[in-house]
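*Asks:* kindly generate the corresponding structure for this input.
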Amino acid sequence: MQSIIDPNHPSYRLGVNSMDQTHGEFIDLLNQLAVADRNGFITLFAKLVEHTHAHFESEMQLMQLCAFPAIREHTDEHQRVLGELDRLGEKVARGSIAIGRDYVNNHLPSWFDLHASTMDSALAAHLKSCAL
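*Replies:* Predicted coordinates for the structure are as follows:
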């Protein structure tokens, strides 16, 4: 399978099991989308939107539980991406997959790389110091 994101890249393993598992699932969905046919893309894009909502909600709960100092910035970034995914999800569901493919292939990988290595890395470091 063609990968647009390397699932073994060390910056995606943050040492917080729940985050690492969720990131692995996100990467797997992106890589499946990269090679999906038209109908598969429509189905998988809907799964990506659903998964990303759950992914970000899970991180929100962790941030709240451990009083993460940068919760506002992290949440704002999540809301921005969810807005994009929701808008594109509606278009993809109606059959306009070209814009969805462009987003998956040319935007999400670089966004995820930066987000994981900065915001999620800082969150993971904070969670490790938090007595859960």
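
*Asks:* mind listing the helices for this protein?
*Replies:* Under the criterion DSSP state H, the chain carries helices at the ranges 17-35, 38-65, 71-93, 97-106, 108-115, 121-129.

*Asks:* where does this protein dip in pLDDT?
*Replies:* Along the chain, segments meeting pLDDT under 70 span 1-3, 131-132.

*Asks:* correct me if wrong: residue 34 contacts residue 106.
*Replies:* No. Applying CB atoms under 8 Å, one finds residue 34 not in contact with residue 106, separated by 11.0 Å. In short, each C-beta sits where N, CA and C put it, glycine included.

*Asks:* who's more crowded, the two?
*Replies:* residue 34 (18 against 10; other CB atoms under 10 Å).

*Asks:* the closest residue to the more buried one other than its chain neighbours and residue 127, how far apart?
*Replies:* Closest residue to residue 34 apart from its sequence neighbours, by CB to CB, 6 or more residues apart in numbering: residue 4 at 4.6 Å. Distance from residue 4 to residue 127, counting by CB to CB, to the nearest Å: 28 Å.

*Asks:* before we move on, the earlier item: got CSV for the helices of the chain, with distance to residue 11 too?
*Replies:* Shown next, in CSV, are those (distance: least, CB to CB, whole Å):
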stretch, distance to residue 11
helix 17-35, 10
helix 38-65, 16
helix 71-93, 17
helix 97-106, 20
helix 108-115, 7
helix 121-129, 7
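
*Asks:* any figure for the gap between residue 14 and residue 33?
*Replies:* From residue 14 to residue 33 the distance is 23 Å (CB to CB).

*Asks:* ditto for residue 61
*Replies:* Relative to residue 33, residue 61 is positioned 26 Å away (CB to CB).

*Asks:* tell me which of these two has more neighbours.
*Replies:* residue 33 (23 against 11).

*Asks:* tell me who's in contact with the more buried one.
*Replies:* By CB atoms under 8 Å, 6 or more residues apart in numbering, the contact list for residue 33 reads 41, 44, 45, 48, 101, 104.
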